[in-house]
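*Asks:* Here's my sequence, what's the structure:
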Amino acid sequence: MAKSGAVRARSIGVTGSKKTGAKASTINAWQDDPEGLPSISRPVPKLATPPLKYKFKGKAPKAGAYAPGTSQFRYWTAAEALRRGADFWAPRLGVSRWQPGATLSVGLDEGDDLNAYYDRSELAFFHHQGDDGTVFYSGESPDVVCHEMGHACLDAHQPNLWDAPYIEAGSFHESFGDMSAILSALQLPSVRTKVLSSVKSYRASSLSRVAEQLGTALRQIDPSIVDPDCLRNAWNKFTYVDPNSLPDDAPASKLCAEVHSFSRVFTGAFYEILSGMLEIQSKSPTESDLAAIAADVALLLIDATGAAPIQPNYYAQVAAHMIDSDTKRFSGKYRSALVDTFVSRKIIPKNAVTSLNQSSKKTAKSVVGVALAEDKAMVTTQTHHVEVRDKRLGLGKQALIVAAPYQHRSFLAISASITHDAIDPTNRLTEATQRFVGMLLKHDRIDTGTRKHALRNADATSHIERQKTHVVVKDGSNFKLIRRKFACSAQS
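*Replies:* Okay, here's the model as predicted:
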């Protein structure tokens, strides 16, 4: 890592030399974050393992037990986390490739910035020297790399979310990144053993604290923009409010319309559901029980994001379909944890939940896959084109034309347990789309293309340019908005 990383490595007894002689079979790696749990020995990861393969830029160092603070350790800890995460998600996603192709490129140190991003061509990570002289590497944190990998996984599974111009769609993508970091960490028995009691009793833990080190770095710039002990804590009490009604900015102690801030509503519900599922699994759970419910909740997420129609109220759509997936896959085993949490968090209204049809509990597991495929097939899409006029876009009298998808599903789930109401979407789509663009403009996330180098990622070398997640492009006589990346930094 850096100056403080090397000191910490000595304090926990990590050796500073690599193995010599025969080819190493293990490497040293962080379990969750440089400021989280200590490093451990792990098998050498095989990055080219299909179906979700990686290729790091540059030459790979020889495998070995390097100490934190070295470039070799940073390489292998990132490689191990990415391989572990992809191995967890691949069989559940049911895809044979990433959205960019069979192999996803990884840039472990792309320059000076407190950032990381996924842009449909690569995962990119950075370094930055803090005020105290510590050099922070975003790619050294398994939390950060598995968050960005989460964007890539969700994009491979549900690519239609990429350009959806709604705060809840963008926020869910960020939440999925944090949920991916948590679920990837739970693939380590050592992590499960450490956090078991906290998850069981629903307390904050090293598992709920996502990206502690990046949070430390950002607090040196402004203590109010991140949580006091990490970047974002999944153990929180945030409840749903319409994000269109929220301000553009707020300290981390409150919600605002910015997607990283609002993502905490769904992530908080997820962590609470995880605790509830563990209690249902066993009154005296073991770490293997925690592994089992991590696998189960991942299936619920994948089922739900595959079937949920993309609408401005995307959180409610995903929540409802997670409950439906539980009915189909697990005969409603986790229903109380899901319903109680989503209702108390106000993500779905209580009156939208009807009683579980007892006959649905007899649903044969053999028909689950068919039912879920039918759910996805029943989604129909309309695309509305919303005009956005804002002088901050620099388009003069011309409007920005934003494609706003509205998906509708004829809901015929086995459980018939959630009410899905069809609405006239026009006014709602216009409001949600305009609010989303306004939020992006407030946070300077839109590249208007007024600079010669604006449209190419390869030329975006400054922190300000890297923060721009969207770009305005000319499309005939019109201007349209497209997403360029998901970036992790919480800075405005």
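
*Asks:* For the helix or strand encompassing residue 199, enumerate the helices and strands it packs against.
*Replies:* Here residue 199 sits within helix 189-200, counting by DSSP states H and E. Counting contacts by 3 or more C-beta pairs under 8 Å, 6 or more residues apart in numbering; DSSP states H and E, helix 189-200 is packed against helix 259-281, helix 287-307. In this view, the C-beta of every residue, glycine as well, is placed from N, C-alpha and C.

*Asks:* and the very next helix or strand once past the last one, what does it pack onto?
*Replies:* Meaning helix 287-307. Going down the chain from helix 287-307, the next helix or strand is helix 314-330, by DSSP H and E. Counting contacts by 3+ C-beta pairs under 8 Å, 6+ apart, helix 314-330 packs against helix 167-185, helix 259-281, helix 287-307, helix 335-344, helix 368-377.

*Asks:* closest to residue 444 out of the helices and strands packed on helix 189-200?
*Replies:* Closest to residue 444 of those, according to C-beta to C-beta: helix 259-281, at 13.9 Å.

*Asks:* ok, how many other residues are close to residue 352?
*Replies:* 17 (other C-beta atoms under 10 Å).

*Asks:* Tell me the pLDDT of it.
*Replies:* pLDDT for residue 352: 78.

*Asks:* With residue 410 instead?
*Replies:* 61.

*Asks:* Name whatever forms a beta bridge with residue 55.
*Replies:* Here residue 55 shows beta-bridge partners residue 105, assigned using DSSP bridges.

*Asks:* Hmm, residue 101 and it touching each other?
*Replies:* No: applying C-beta atoms under 8 Å as the test, residue 55 and residue 101 come out as separate, 10.4 Å apart.

*Asks:* Contact partners for the spatially most central residue of the chain?
*Replies:* The residue lying closest to the centre of the chain (C-alpha atoms, centre = their mean) is residue 177, at 1.2 Å. Going by C-beta atoms under 8 Å, 6 or more residues apart in numbering, residue 177 touches 146-148, 150-151, 154, 486, 488.

*Asks:* Residue 193 too?
*Replies:* residue 287.

*Asks:* do you know how far it is from residue 31?
*Replies:* Distance, residue 193 to residue 31, by C-beta to C-beta, to the nearest Å: 11 Å.

*Asks:* Then residue 470?
*Replies:* Taken as C-beta to C-beta, the span from residue 470 to residue 31 is 35 Å.

*Asks:* so who does residue 403 touch?
*Replies:* By C-beta under 8 Å, 6+ apart, the residues touching residue 403 are 163, 165, 383-386, 480.

*Asks:* just the CA coordinates of stretch 382-402, formatted as PDB?
*Replies:* C-alpha atoms of stretch 382-402 as PDB (Å, rounded to 0.1, in the frame of the first residue of the first chain):
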ATOM      1  CA  GLN A 382     -41.500   1.400 -24.500                       C
ATOM      2  CA  THR A 383     -38.900   4.200 -25.000                       C
ATOM      3  CA  HIS A 384     -39.900   7.800 -24.400                       C
ATOM      4  CA  HIS A 385     -37.800  10.600 -25.500                       C
ATOM      5  CA  VAL A 386     -37.600  13.400 -22.900                       C
ATOM      6  CA  GLU A 387     -36.400  16.900 -23.800                       C
ATOM      7  CA  VAL A 388     -34.200  18.500 -21.200                       C
ATOM      8  CA  ARG A 389     -33.400  22.200 -21.400                       C
ATOM      9  CA  ASP A 390     -30.800  23.500 -19.000                       C
ATOM     10  CA  LYS A 391     -28.300  26.300 -19.700                       C
ATOM     11  CA  ARG A 392     -25.600  24.300 -17.900                       C
ATOM     12  CA  LEU A 393     -25.600  21.900 -20.800                       C
ATOM     13  CA  GLY A 394     -24.200  24.700 -23.100                       C
ATOM     14  CA  LEU A 395     -26.600  23.700 -25.900                       C
ATOM     15  CA  GLY A 396     -28.100  27.100 -26.500                       C
ATOM     16  CA  LYS A 397     -31.700  26.800 -27.600                       C
ATOM     17  CA  GLN A 398     -31.400  23.200 -28.400                       C
ATOM     18  CA  ALA A 399     -32.700  20.500 -26.100                       C
ATOM     19  CA  LEU A 400     -30.900  17.400 -24.900                       C
ATOM     20  CA  ILE A 401     -32.900  14.400 -26.000                       C
ATOM     21  CA  VAL A 402     -32.800  11.600 -23.300                       C
END
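
*Asks:* in this protein, which ranges drop under the pLDDT threshold?
*Replies:* For the chain, applying pLDDT under 70 flags the ranges 1-21, 355-378, 410-424, 450-464, 489-492.

*Asks:* do that again at 50, thanks
*Replies:* 1-20, 358-368, 370-371, 412-422, 451-460, 492 (pLDDT under 50).

*Asks:* wait, doesn't residue 86 sit right on residue 50?
*Replies:* No: the pair residue 86 / residue 50 is not scored as a contact, 9.9 Å apart, by C-beta under 8 Å.

*Asks:* Looking only at neighbour counts, state which of those two leads.
*Replies:* Remark: of residue 86 and residue 50, residue 86 carries more neighbours, 25 against 11, as counted by other C-beta under 10 Å.

*Asks:* If residue 385 is in a bridge, with which residues?
*Replies:* Using DSSP bridges, the bridge partners assigned to residue 385 are residue 403.

*Asks:* Count the neighbours of it for me.
*Replies:* Residues lying near residue 385 (other C-beta under 10 Å) number 13.

*Asks:* With respect to burial, which of the helices and strands packed on helix 189-200 scores highest?
*Replies:* Most buried of the helices and strands packed on helix 189-200 by mean neighbour count (mean count of other C-beta atoms under 10 Å) is helix 259-281; its value is a mean of 23.

*Asks:* Just the C-alpha atoms of it, please, in CSV.
*Replies:* What follows is helix 259-281, C-alpha atoms only, in CSV (Å, rounded to 0.1, in the frame of the first residue of the first chain):
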residue,chain,number,x,y,z
VAL,A,259,-26.6,8.0,-6.6
HIS,A,260,-23.9,6.9,-4.2
SER,A,261,-25.8,8.5,-1.3
PHE,A,262,-29.2,7.1,-2.3
SER,A,263,-27.7,3.6,-2.9
ARG,A,264,-27.5,3.2,0.8
VAL,A,265,-31.2,2.8,1.1
PHE,A,266,-31.2,-0.5,-0.8
THR,A,267,-27.8,-1.6,0.6
GLY,A,268,-29.1,-1.0,4.1
ALA,A,269,-32.1,-3.2,3.4
PHE,A,270,-29.9,-5.9,2.0
TYR,A,271,-27.7,-6.1,5.1
GLU,A,272,-30.7,-6.2,7.3
ILE,A,273,-32.2,-9.0,5.1
LEU,A,274,-29.0,-10.9,5.4
SER,A,275,-29.3,-10.9,9.2
GLY,A,276,-33.0,-11.9,9.0
MET,A,277,-32.2,-14.8,6.5
LEU,A,278,-29.5,-16.0,8.8
GLU,A,279,-31.9,-16.2,11.7
ILE,A,280,-34.3,-18.2,9.6
GLN,A,281,-31.6,-20.5,8.5
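
*Asks:* what is the orientation angle of it with helix 189-200?
*Replies:* Between the axis of helix 259-281 and that of helix 189-200 there is an angle of 90 degrees, by axes from the mean of the first three to the mean of the last three C-alpha atoms, to 10 degrees.
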